[in-house]
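Engineer: Task: produce atomic coordinates for the following.
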Amino acid sequence: EKRVSMSEYMIFGFYGLTTAQQKQYLTDVEATLLMRPYNSAAEPYLKSKVTFLKNFTQFVSRGWLYLPESDLAAFDAFVRRYHSIALKPQYSSWGIGFRKLTEAEWDAAPDRQALFDELCAGKYLAEEFIQSDASLARFHPESLNTLRVITFRRGERFEVFGAGLRVGNNGLHVDNAHGGGILYDKGTYYWYGEHKVEGDAGNYAQVGVHCYSSKDLYNWKDEGIALKVVEGDHSHPIAKGCILERPKVVYNKKTGKYVMWFHLELKGKGYGSAYAGVATAAKPTGPFKFLKAGRVNPGKWPLNMDKKDQTTEFTKEMPDYVRIIRRDYPGGQMSRDMTIFVDDNGKAYHIYSSEGNITLHIAELTPDYTGHTGKYVRAFINRYMEAPAICKHKGKYYLIASGCTGWAPNAARSAVAKNIAGPWTELKNPCVGPKAGITFGGQSTFILPVQGKPGKFIFMADIWRPKNAIDGRYLWLPMKWEGDQIILEWKDEWTLDDL
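Structural biologist: Reported below is the predicted structural model:
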């Protein structure tokens with residue numbers, strides 16, 4: 001596998017190239033190794049935005065302020081002078097960690113000192129926000145488009161080696177919707193997922209839930225952040241730095257609201273909270289407003305649990321699949337990897353890994369989809385299943401999930417039931433082809449019904465890379481059936497005609 005930079009992954013489409021095609025490129029990593037001996041003196045200026053600005057400020061017409069060497073009063077004056085500013089981590093590149101702050105947003109911040117301290121801790125640089133020239137903006141009005149010129153110095157001469165026009169996404173691809181799901185609404189697909197950033201920090205919610213839209217599943221438009229994390233209030237359930245995973249959005253016909261559910265871990269608590277969070281919006285692209293988060297169905301026993309087992313008495317010697325549900329009965333059951341499913345009758349269900357990921361729960365939602373009715377069942381008891389994805393095909397319910405091996409991929413699992421509450425019959429690994437034993441390197445996240453193609457579905461999965469979260473990839477495959485058995489066959493390339 002060739003080592004590539006984020007620019008090559010995003011701009012040159014490395015995610016779609018074969019190994020042979022990738023070998024035709026001189027990558028950023030390789031170019032850096034070749035050029036480093038000749039640019040050792042200049043490298044500090046190229047790596048650090050602040051070092052560059054301090055040494056070449058006379059040639060820079062854009063206002064800037066390095067926050068760790070400033071104070072709240074100076075930053076306040078900077079915001080009010082330029083009204084809209086760009087915030088960038090000192091050593092970031094390709095927009096990773098970028099944030100925009102307007103004067104109105106600064107005025108509305110509940111604790112400006114806390115926000116400023118947070119930016120200082122992240123070694124943020126503030127710059128005057130500039131707009132694209134009209135001639136460049138026409139290529140993609142929503143983004144800052146730039147002309148990049150590459151030069152080489154030969155003696156006292158500078159020669160232009162190449163030039164390139166950098167524009168925004170422009171509907172070419174989706175690059176930040178991890179652990180996501182898709183809503184089809186009024187002729188448009190909306191893809192929601194976790195917005196990741198570079199490094200280990202990307203495993204925590206630094207930005208929120210990203211949204212993209214498409215009419216045809218091929219061409220995508222960046223709709224921005226649908227649900228933003230809360231900055232400046234570290235006690236808020238979705239404070240920046242919490243863990244916010246696997247967002248799913250459904251539309252409620254009765255209320256006219258779009259409802260987003262997600263797995264939530266409170267900031268600084270690791271994976272100990274095991275909460276389900278919910279937010280709503282008037283439009284599919286948001287902004288979504290956070291409603292609440294917590295454990296699920298406190299004080300309620302599963303519908304398929306024997307009466308004799310419905311007791312809160314337990315001992316540490318008991319098996320976990322007996323002990324944990326009793327322990328958590330008063331405060332509510334754990335909710336981690338999850339999905340949302342709306343049945344043909346309009347009833348919605350929350351399917352989630354519970355009891356320390358030992359058992360799946362399938363819980364009925366209230367008519368407005370923002371809470372639980374208290375009716376739920378346990379499924380696949382003591383099977384350690386996570387990453388559930390569900391669909392309905394020819395009157396039966398089908399599930400794809402994974403085992404529990406941390407971030408590492410494992411063999412997919414599949415199951416079928418005549419009723420969503422079960423009983424469920426577990427089938428075999430649905431994957432066929434190279435790396436079928438590790439789900440082709442991915443993990444299930446969603447099953448997408450394709451509009452206009454009754455009975456046709458797409459299996460969606462994520463390839464997780466926790467050491468550099470932004471480098472996670474997406475895996476989509478057409479779904480087939482042989483009797484009740486789902487078949488996922490590896491394909492290097494495919495189209496909707498292959499469904």
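
Engineer: How about the contacts made by residue 297?
Structural biologist: Contacts for residue 297 (CB atoms under 8 Å, 6 or more residues apart in numbering) come out as 332-333, 363, 372, 374, 376. C-beta: built from backbone N, CA, C; applies to glycine.

Engineer: Just the element for residue 73, please.
Structural biologist: helix 72-82 (DSSP states H and E).

Engineer: what do you get for residue 269?
Structural biologist: Residue 269 is part of no helix or strand, with elements assigned from DSSP H and E.

Engineer: quick one, phi/psi of residue 242?
Structural biologist: phi -70, psi 180 (degrees, to the nearest 10).

Engineer: Report how many residues lie close to it.
Structural biologist: Residues contacting residue 242 under the criterion other CB atoms under 10 Å number 25.

Engineer: Kindly report the same for the one 10 residues further on.
Structural biologist: Neighbourhood size, residue 252 [other CB under 10 Å]: 19.

Engineer: and what of residue 240?
Structural biologist: 22.

Engineer: Please report the distance of it from residue 229.
Structural biologist: Per CB to CB, to the nearest Å, residue 240 is found 4 Å from residue 229.

Engineer: what residues do these two have in common as contacts?
Structural biologist: Contacts common to residue 240 and residue 229, judged by CB under 8 Å, 6+ apart, are 205-206.

Engineer: hang on, the earlier thing: tell me what the helix holding residue 73 is packed against?
Structural biologist: strand 64-66, helix 103-108, helix 112-121, strand 124-128 (3 or more CB pairs under 8 Å, 6 or more residues apart in numbering; DSSP states H and E).

Engineer: okay, the ones you listed in JSON lines with distance to residue 305, mean neighbour count and mean pLDDT next?
Structural biologist: Below are the helices and strands packed on helix 72-82 laid out as JSON lines (distance: least, CB to CB, whole Å; neighbours: other CB atoms under 10 Å; pLDDT from 0 to 100):
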{"stretch": "strand 64-66", "distance to residue 305": "59", "mean neighbour count": "18", "mean pLDDT": "95"}
{"stretch": "helix 103-108", "distance to residue 305": "48", "mean neighbour count": "13", "mean pLDDT": "93"}
{"stretch": "helix 112-121", "distance to residue 305": "45", "mean neighbour count": "16", "mean pLDDT": "92"}
{"stretch": "strand 124-128", "distance to residue 305": "51", "mean neighbour count": "21", "mean pLDDT": "93"}
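
Engineer: mind listing the helices for the stretch 251-400 of the chain?
Structural biologist: 320-327 (DSSP state H, counting those that start in this stretch).

Engineer: so who does the closest residue to residue 350 other than its chain neighbours touch?
Structural biologist: Among residues not flanking residue 350 along the chain, residue 363 sits closest, at 4.6 Å (CB to CB, 6 or more residues apart in numbering). Applying CB under 8 Å, 6+ apart to residue 363 gives the contacts 296-297, 349-352, 372-373, 375-376.

Engineer: Now a ChimeraX select for only the buried ones of those.
Structural biologist: In ChimeraX, this line selects whichever of these come out buried by 16 or more other CB atoms under 10 Å:
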select :296,297,349,350,351,352,372,376
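
Engineer: So which of the contacts of residue 363 belong to strands?
Structural biologist: The strands, defined by DSSP state E, take in 349-352, 372-373, 375-376 from the contacts of residue 363.

Engineer: Looking at the residues you listed, spot the one nearest residue 279.
Structural biologist: Nearest to residue 279 out of those is residue 350 (CB to CB; 14.2 Å).

Engineer: Who are the contact partners of the closest one?
Structural biologist: 261, 276, 296, 335, 338, 340, 361-365, 372.

Engineer: Tell me where the model's unsure across this protein.
Structural biologist: Counting by pLDDT under 70, the chain contains low-confidence ranges at 1-16, 28, 35, 38-40, 42-46, 92-96, 139-144, 161-162, 164, 166-175.

Engineer: Can you tell me which residue is spatially central in it?
Structural biologist: For the chain, the residue nearest the mean C-alpha position is residue 194 (1.6 Å; CA atoms, centre = their mean).

Engineer: I'd say that one and residue 244 touch.
Structural biologist: Yes: between residue 194 and residue 244 there is a contact at 6.6 Å, judged by CB atoms under 8 Å.

Engineer: what do the two both touch?
Structural biologist: Residues touching both residue 194 and residue 244 (CB under 8 Å, 6+ apart): 205, 209.

Engineer: if we can go back for a sec, which stretch among the helices and strands packed on helix 72-82 comes nearest residue 156?
Structural biologist: strand 64-66 (29.9 Å).

Engineer: Direction included, what does that closest one pair against?
Structural biologist: With DSSP bridges as the test, strand 64-66 is paired with strand 124-128 (antiparallel).

Engineer: Burial check on residue 99, number of neighbours?
Structural biologist: 17.

Engineer: Report the spatially nearest residue to it, omitting neighbours in sequence.
Structural biologist: Nearest non-adjacent residue to residue 99, counting by CB to CB, 6+ apart: residue 87, 4.3 Å away.

Engineer: Next one: the one you found from residue 67, what distance?
Structural biologist: 8 Å.

Engineer: if I look at the two, which residues touch both of them?
Structural biologist: The contact lists of residue 87 and residue 67 share 119, 124-126, where a contact means CB under 8 Å, 6+ apart.

Engineer: what's the farthest-apart pair in these?
Structural biologist: Largest separation among those by CB to CB: 119 and 125, giving 9.4 Å.

Engineer: what's around residue 248, how many residues?
Structural biologist: Other residues near residue 248 come to 24 when the count uses other CB under 10 Å.

Engineer: Pairing-wise in the sheet, spell out the partners of it.
Structural biologist: Bridge pairing for residue 248 - DSSP bridges - gives residue 261.

Engineer: Now residue 49: phi and psi?
Structural biologist: Torsion angles at residue 49 (phi, psi; degrees, to the nearest 10) stand at phi -60, psi -40.

Engineer: re earlier: give the intersection of the neighbour lists for residue 119 and residue 125.
Structural biologist: Common neighbours of residue 119 and residue 125 (CB under 8 Å, 6+ apart) are 67, 87.
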